[in-house]
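Novice: prediction below, plus the sequence it came from.
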Amino acid sequence: MSTGIDLQPGQNLGHLLPPSWKEDIPRWFAEDTPSFDWAGFVVGEEEQEAWLLGKSGGILAGVPFFDAVFKYAGCTVEWLLEEGAVVPPNTKTKVAIVRGKARQLLLAERVGLNLLARCSGIATVSRRFRDAARETGWKGVIAGTRKTTPGFRLVEKYGMMVGGVDPHRHDLSSMVMLKDNHIWATGSITNAVKSVRRVAGFSLLVNVECQSLEEGDEAVAAGANIIMLDNIVGEELHSAAKSLKDKWRGKREFLVETSGGIVEGGLVARLGPDIDILSTSAVHQSCPHVDFSLKIQPKSRS
């Protein structure tokens, strides 16, 4: 496994996006301009050029969303930096040139900037997590979580991937995750795993949240593919992971995941030779946005 996503030359993460996501664009515009565009009336229809400036520094992410928003408004975008590039801090770096009618540029401005700022902020924190893990020599996977903003998950998961972090499962249908409530409702880990296996089929992985070594052992015996040692830290975590791997080596194939309360400063302590996956919401919740602005350029007077 690898600690993160590395794009090969010519690869474009935007090609992963489903066509259906563009249905959100009219809703975003309807939210931002539900009635009259009073200020747009002032600037009119003259063709203008605007510069997209990166100001606070970070990883550029969200290019497909920004492009589509301005295309919807009848504008074009020429990028000067590639997605995934580093925007230097404390400068006004020229990131892109946007062209179109003044009214349309300003109509799309805030929608496009908000998308880019949020997506880039997530990519920036994700890159820091990925790089910190790589520096230790750890070979496992850093993953985000499903604790995303309703209606905005695709943008946030995309930002994680640009930053080099695995997006984990995208929704309830992507992978079976049996958490404490599922287990309590069915009576045991074994009951929950056996029950879901009857309907989930061979193609879905089963991930079981475990609170102890004993629960992890029961989950492996029941046939789980991933053992999530949740909110277990320090020596207890690494001892439990090693015990599971040693006991079941050559008998069952499974991965060990650590999760729960992981922040950037505590990342390294959760990594170890018997940990395969580290999942955290810290790469996308409460991330500072990367600051961008869009400035229409004054035309030279002859």
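Specialist: It's in. Numbering: from 1, shown residues only.
Novice: who touches stretch 116-135?
Specialist: Contacts of stretch 116-135 with the rest of the structure, by CB atoms under 8 Å, 6 or more residues apart in numbering, involve 3-4, 58-62, 65-66, 84, 87, 140, 142, 144, 152, 155-156, 158-160, 162-165, 264, 267-268, 271, 278, 280, 282-284, 287-292. In short, each C-beta sits where N, CA and C put it, glycine included.
Novice: filter these to the buried ones?
Specialist: The neighbour-count criterion (16 or more other CB atoms under 10 Å) marks 3-4, 58-62, 65-66, 84, 87, 140, 142, 144, 155-156, 158-160, 162-165, 267, 271, 278, 280, 282-284, 287, 289-292 among the contacts of stretch 116-135 as buried.
Novice: for the stretch 101-250 of the chain, which segments are assigned as strands?
Specialist: Counting by DSSP state E, counting those that start in this stretch, the stretch 101-250 of the chain has strands at residues 141-143, 176-178, 206-210, 226-230.
Novice: make a markdown table from those strands and add mean pLDDT and distance to Ala123 to it.
Specialist: Putting the strands of the stretch 101-250 of the chain into a markdown table (pLDDT from 0 to 100; distance: least, CB to CB, whole Å) gives the following:
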| stretch | mean pLDDT | distance to Ala123 |
| --- | --- | --- |
| strand 141-143 | 96 | 13 |
| strand 176-178 | 96 | 25 |
| strand 206-210 | 97 | 25 |
| strand 226-230 | 97 | 25 |
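Novice: those strands into a markdown table, with extra columns for distance to Lys194?
Specialist: Formatted as a markdown table, the strands of the stretch 101-250 of the chain follow (distance: least, CB to CB, whole Å):
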| stretch | distance to Lys194 |
| --- | --- |
| strand 141-143 | 26 |
| strand 176-178 | 11 |
| strand 206-210 | 10 |
| strand 226-230 | 16 |
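Novice: the buried ones among the contacts of stretch 116-135 in helices, which ones?
Specialist: Among the buried ones among the contacts of stretch 116-135, DSSP state H puts 65-66, 155-156, 158-160, 162-163 in helices.
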